[in-house]
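Trainee: Could you look at this predicted model? Sequence included:
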Amino acid sequence: MDLTEDEEDTSPWSTGPVIGEAAGPFICFPMRYSMAEEASAYAADLAASMGLVCCDPQARRLRP
């Protein structure tokens with residue numbers, strides 16, 4: 001769910017719309033700290049299922 005559509009305050013994203021974070025071949029997913037672990041794992045799994053690469057800039061490494 002996009003933050004701009006989040007009436008229940010359940011979105012893990014800290015900005016919205018998320019597509020606004022796209023720049024060329026990259027997209028950043030700014031996440032709420034309290035939901036970052038779960039949302040990050042989901043984003044990494046989704047990226048892998050689509051043959052994409054997921055990088056965690058705070059850990060300075062690629063997500064497995």
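Mentor: Ah, there it is. Residues are numbered from 1 along each chain as shown.
Trainee: so how many other residues sit close to the residue lying closest to Arg32 once chain neighbours are set aside?
Mentor: Leaving aside its sequence neighbours, Arg32 sits nearest to Ser14 (Cβ to Cβ, 6 or more residues apart in numbering; 5.1 Å). C-beta coordinates here come from the backbone N, C-alpha and C atoms, glycine included. If you count neighbours by other Cβ atoms under 10 Å, Ser14 ends up with 15.
Trainee: Next: Phe29.
Mentor: So Phe29, with other Cβ under 10 Å, has 16 neighbours.
Trainee: Look up how far Asp45 lies from the residue nearest the centre of the chain.
Mentor: Compute the mean C-alpha point of the chain, and by Cα atoms, centre = their mean the closest residue is Phe29, 3.2 Å away. With distances taken as Cβ to Cβ, to the nearest Å, Phe29 is found 13 Å from Asp45.
Trainee: give the contact list for Asp45.
Mentor: By Cβ atoms under 8 Å, 6 or more residues apart in numbering, no residues touch Asp45.
Trainee: Mind listing what's buried along the helix or strand containing it?
Mentor: Per DSSP states H and E, Asp45 falls inside helix 36-49. Neighbour-count burial for helix 36-49 flags 36, 39-40, 43-44, 47 (criterion: 16 or more other Cβ atoms under 10 Å).
Trainee: Pull up the pairing partners for the helix or strand following it, direction included.
Mentor: The helix or strand immediately downstream of helix 36-49 is strand 55-56, counting by DSSP H and E. Strand pairing for strand 55-56, using DSSP bridges, gives strand 61-62 (antiparallel).
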